[in-house]
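>>> Dropping a prediction and its sequence here:
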Amino acid sequence: MKKEYGKRQDYPTKVIADGIYYISDFLATDCYLIIGTERALLIDVGTGYGDMRGYIETLTDLPIDVVFTHIHPDHIGGMGQFEKAYAHSADIRYGYKFYSRLWLRKLFKFLSKGVVDPSISVKDVVRGRYKTKLIPIEDNHIFDLGGRKVTCKHFAGHTSGSIILLDDKTKHMFVGDNCCPSPWAFLPNSVPLYEWTHNAKKILALMDTYIAHWGHEGGDIKKEVFAKAIEFADEVINNQPKNTFLPIIKFYPFNDRVNGSIVYRKSNVYKRR
């Protein structure tokens, strides 16, 4: 039988709270499904290695809303399976069309060798069915799913439009890539490290009330590890008085994805005048 690429539905999945599923995009990206009594909310869609929509429809028969924590190919790549999706306006303005291009998603798969499930091939990255309409949202946007509300909070950092999503029913929150053991604050759409640090401290405070889940590596993030990453960012700011001319990427104090570190661009520590 000829293999149908991009049609797999055997996503590794587990229930992490009442009405909340953790879904791994074949080890590349962690997505989450929150189910209310009237609607369901899918947080990120992965790179698009399989039939995410078809799989979600085996978990719920409710109408599905899709929201992106941020605009990067490993989080929005599968959006062509859905007619519409929501993202923060700052990320939509930046140029989501580039990040969803087929060739870029294929390149991401090629560069992710050793991370993504080896049974996934570049051929599994296929074009979507729809030209997805992206709907802009702002800080404090609420998704009313029936019996539970999920609130969007905008914290610019990993991208200018990065958001986290707070589930009022279970006190779980979904932070994308803005909160992790070794945050990346060096990419083209990353805000200056000084601004990331300011917003990261607000996310850290929310971790007193909410259980956090991020977008990779199983989704678990301990408060003390994230606090350490923020502490390292503060050290960088205290030790570097101004931006450098050359865009040098630094791992501080080194690349530690277990105990905490920060990855930043020396030319993007402070806002340019």
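Yep, that arrived. Numbering: from 1, shown residues only.
>>> hey, let's count contacts and neighbours off CA atoms from now on
Will do.
>>> tell me the SS of the closest residue to Thr244 other than its chain neighbours?
Taking Cα to Cα, 6 or more residues apart in numbering, and ignoring the residues beside it in sequence, Thr244 has Ser267 as its nearest neighbour in space, at 4.6 Å. For Ser267, the secondary-structure state derived from DSSP: H, G, I helix; E, B strand; the rest coil is helix.
>>> So Ser267 sits against Asn243, correct?
Yes. In this structure, Ser267 sits in contact with Asn243. The criterion is Cα atoms under 8 Å, and the distance is 4.5 Å.
>>> Count the neighbours of the residue nearest to Thr244 for me.
Using other Cα atoms under 10 Å as the criterion, Ser267 is surrounded by 19 other residues.
>>> Where do the helices of the protein begin and end?
Defined through DSSP state H, the helices belonging to the chain, from first to last, are 52-59, 73-76, 89-99, 102-111, 193-206, 223-239.
>>> Give me the neighbour count for Pro118.
In terms of burial, Pro118 registers 11 neighbours under the definition other Cα under 10 Å.
>>> Show the pLDDT at it.
As predicted, Pro118 sits at a pLDDT of 91.
>>> middle-most residue in this protein, spatially?
Gly176 (3.1 Å; Cα atoms, centre = their mean).
>>> residues touching that one, list them.
Residues counted as contacts of Gly176 (Cα atoms under 8 Å, 6 or more residues apart in numbering) are 69-70, 162-164, 213-215.
>>> now with 6 Å?
Counting by Cα atoms under 6 Å, 6 or more residues apart in numbering, Gly176 makes contact with 69, 214-215.
>>> got it, and Tyr5?
For Tyr5, the set of contacting residues under the criterion of Cα under 6 Å, 6+ apart consists of Asp124.
>>> try 7 Å
123-124 (Cα atoms under 7 Å, 6 or more residues apart in numbering).
>>> ok so, going back, of the helices of the chain, give the one that comes closest to Lys250.
Nearest to Lys250 among those is helix 223-239 (10.0 Å), distances taken as Cα to Cα.
>>> That closest one packs against which elements?
helix 193-206, strand 262-265 (3 or more Cα pairs under 7 Å, 6 or more residues apart in numbering; DSSP states H and E).
>>> follow-up on the earlier one: comparing the helices of the chain, which comes out most buried?
Scoring the helices of the chain by mean neighbour count under mean count of other Cα atoms under 10 Å gives helix 73-76 as the most buried, with a mean of 26.
>>> Asp220 - how many residues pack around it?
Counted with other Cα under 10 Å, the burial measure for Asp220 works out to 14 neighbours.
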